[in-house]
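Undergrad: Build the 3D model from these lines:
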Amino acid sequence: MRASSRLWRHFDVWLLAAVALMTIAGIAMIRSAIGGNENLAELVPRQATYALIGLVLVFLTAAIDYRLWAAISRPMYLIAVVGLGFILTAGVVGFGSARWFNAAIILIQPSEIAKIIMILVMADYISRRQHEISQLRVLLRSLALAAAPILLILLQPNLSTAIVIGVIWAAMIWAAGARLRLLGTLIAVLAVASLVTLPFLARYFLTDFPEQRDFLFLRHYQMARIANFVLPDPEAQYGASYNVNQALISIGSGGLFGQGYGTGSQVQLRFLKVRHTDFIFSAFSEEFGFVGDVLMIGLLMFIILRCLRAASLARDLNGALISYGVAVLILFQASFNIAMNLNLVPVSGLPLPFFSYGGSSLVTVLIGIGLVESVILRHKRIEL
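TA: This next block holds a predicted model:
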């Protein structure tokens, strides 16, 4: 009992408080973003439910010794791969791709869960081979572990999530001490090989959607997003260019202090589309302005820094890599989503962590926070 109380004494309350504040703010922002739309009214209580489930999972995950996940990393990996494979034939199709399982009244997105599983799998694999990490065979084996889920996610198709897992793999390998020149060469070779081989794989597996196999392994709507980014149409009345134009207008109209919660004209008059998911940052910017953006980004960076702090305090490489992987996941998704809203990168479906609507995404990132807390709780030896 005494050992347990000493263990929880190390719990990072500041990290939990920041995460809880971001999650609550996200729910409030979703409520404002739907702007009284009765068809979307159920999204607010649904997101709140996912938030409560996720916060409970933070404590449950923290209570489990993170080192125990290493013992079941292989079964978890197999479950992730099988789930991603099965969704290609039995998944719910939405927005041009099959990404969800319909489980009773909720939708489960295996690709989101795969992010956390890959962090655990890669951390276990790398920590067992930390003295051989610069050897080519070790790098190739780690890449093979990441390649299977990446390929299956690409075939949904879900390019953005596949990129996230690829970034997590590269970041964790680099953090473990892999030589930068060897890692860079391997990534360059992979990029070229992908452009050559993936089109043939996609055409073989995606026979049900021949009209959308327009370029390489990308669907028509994905190519349209890239084309609209390279050659934007400022006069567009619909589509990706229109959405980005309205997002930029929303951000600009927020000014320094914003128009106020629930009073943004772009949001409330519904000029801004998908404002509760992809473009929730633009909705937030219109209502809270530049100052609100700085505070929100600052809070996100605080969460990331607390995760990196856990990595520095970890008692072993496995714990350090888990915390580092979660930090990379949050940093990359947040950076990409905000950059997308600012028209710095093509439009993608990557959510803004803790903010964008999406139960699977929210629960996944909260489980990641629970893993970080588990590492922090056990960074010192507890005497019985």
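Undergrad: now the helices: where do they sit in the stretch 151-300 of the chain?
TA: In the stretch 151-300 of the chain, the segments counted as helices under DSSP state H, counting those that start in this stretch are 159-175, 180-205, 220-230, 239-254, 265-268, 280-313.
Undergrad: In TSV: those helices, plus distance to Thr364.
TA: Bear in mind the C-beta positions are built from the backbone N, C-alpha and C, glycine included. Formatted as TSV, these follow (distance: least, Cβ to Cβ, whole Å):
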stretch	distance to Thr364
helix 159-175	11
helix 180-205	25
helix 220-230	23
helix 239-254	25
helix 265-268	26
helix 280-313	15
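Undergrad: would you turn those helices into TSV with mean pLDDT?
TA: As requested, the helices of the stretch 151-300 of the chain are exported to TSV (pLDDT from 0 to 100):
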stretch	mean pLDDT
helix 159-175	90
helix 180-205	63
helix 220-230	60
helix 239-254	85
helix 265-268	88
helix 280-313	96
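Undergrad: what's the closest of these to Val81?
TA: Distance to Val81, taken as Cβ to Cβ, is lowest for helix 159-175 among the helices of the stretch 151-300 of the chain, at 12.1 Å.
Undergrad: Tell me the gap between that closest one and the middle of its chain.
TA: 11 Å (Cα atoms, centre = their mean, to the nearest Å).
Undergrad: which of the residues in it are buried?
TA: Under the neighbour-count criterion of 16 or more other Cβ atoms under 10 Å, helix 159-175 has 159-175 buried.
Undergrad: Please apply the same query to stretch 147-162.
TA: Neighbour-count burial for stretch 147-162, with 16+ other Cβ under 10 Å as criterion, is recorded at 149-162.
Undergrad: nearest to Lys115, of the residues you listed?
TA: Thr161 (7.4 Å).
Undergrad: wait, doesn't the closest one sit right on Leu152?
TA: No - between Thr161 and Leu152 there is no contact under Cβ atoms under 8 Å: 10.5 Å.
Undergrad: Name all residues that make contact with Gly358.
TA: Residues in contact with Gly358 (Cβ atoms under 8 Å, 6 or more residues apart in numbering) are 109, 112, 277, 351.
Undergrad: gap between the residue nearest the centre of the chain and Leu120?
TA: The residue lying closest to the centre of the chain (Cα atoms, centre = their mean) is Gln333, at 5.1 Å. Plainly put, Gln333 is 18 Å away from Leu120 if you go by Cβ to Cβ, to the nearest Å.
Undergrad: cool, Phe354 as well?
TA: With Cβ to Cβ as the criterion, Phe354 and Leu120 are 21 Å apart.
Undergrad: go on, Ala144?
TA: For Ala144, the distance to Leu120 - Cβ to Cβ - is 17 Å.
Undergrad: Counting neighbours, go ahead and name the busier of those two.
TA: Leu120 (23 against 9; other Cβ atoms under 10 Å).
Undergrad: out of everything not next to it in sequence, what's closest to the more buried one?
TA: Trp69 (4.9 Å; Cβ to Cβ, 6 or more residues apart in numbering).
Undergrad: Same question for Leu57.
TA: Using Cβ to Cβ, 6+ apart, the nearest residue to Leu57 is Ile367, at 5.4 Å.
Undergrad: Show the pLDDT at Leu272.
TA: If you check Leu272, the pLDDT there is 87.
Undergrad: what are the C-alpha coordinates of the helix or strand encompassing Val121, in PDB please?
TA: Assigned by DSSP states H and E, Val121 belongs to helix 110-128. Provided in PDB are the C-alpha atoms of helix 110-128 (Å, rounded to 0.1, in the frame of the first residue of the first chain):
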ATOM      1  CA  PRO A 110      -8.300   0.900 -36.400                       C
ATOM      2  CA  SER A 111      -5.800   3.200 -38.000                       C
ATOM      3  CA  GLU A 112      -5.900   5.500 -35.000                       C
ATOM      4  CA  ILE A 113      -5.400   2.700 -32.600                       C
ATOM      5  CA  ALA A 114      -2.500   1.400 -34.800                       C
ATOM      6  CA  LYS A 115      -0.600   4.700 -34.000                       C
ATOM      7  CA  ILE A 116      -0.300   3.800 -30.400                       C
ATOM      8  CA  ILE A 117       0.300   0.100 -31.000                       C
ATOM      9  CA  MET A 118       3.200   1.000 -33.400                       C
ATOM     10  CA  ILE A 119       4.700   3.300 -30.700                       C
ATOM     11  CA  LEU A 120       4.700   0.400 -28.300                       C
ATOM     12  CA  VAL A 121       5.900  -2.200 -30.800                       C
ATOM     13  CA  MET A 122       8.800   0.000 -32.100                       C
ATOM     14  CA  ALA A 123       9.800   1.000 -28.600                       C
ATOM     15  CA  ASP A 124      10.100  -2.700 -27.600                       C
ATOM     16  CA  TYR A 125      11.900  -3.700 -30.800                       C
ATOM     17  CA  ILE A 126      14.400  -0.800 -30.600                       C
ATOM     18  CA  SER A 127      15.100  -1.100 -26.900                       C
ATOM     19  CA  ARG A 128      16.000  -4.800 -27.400                       C
END
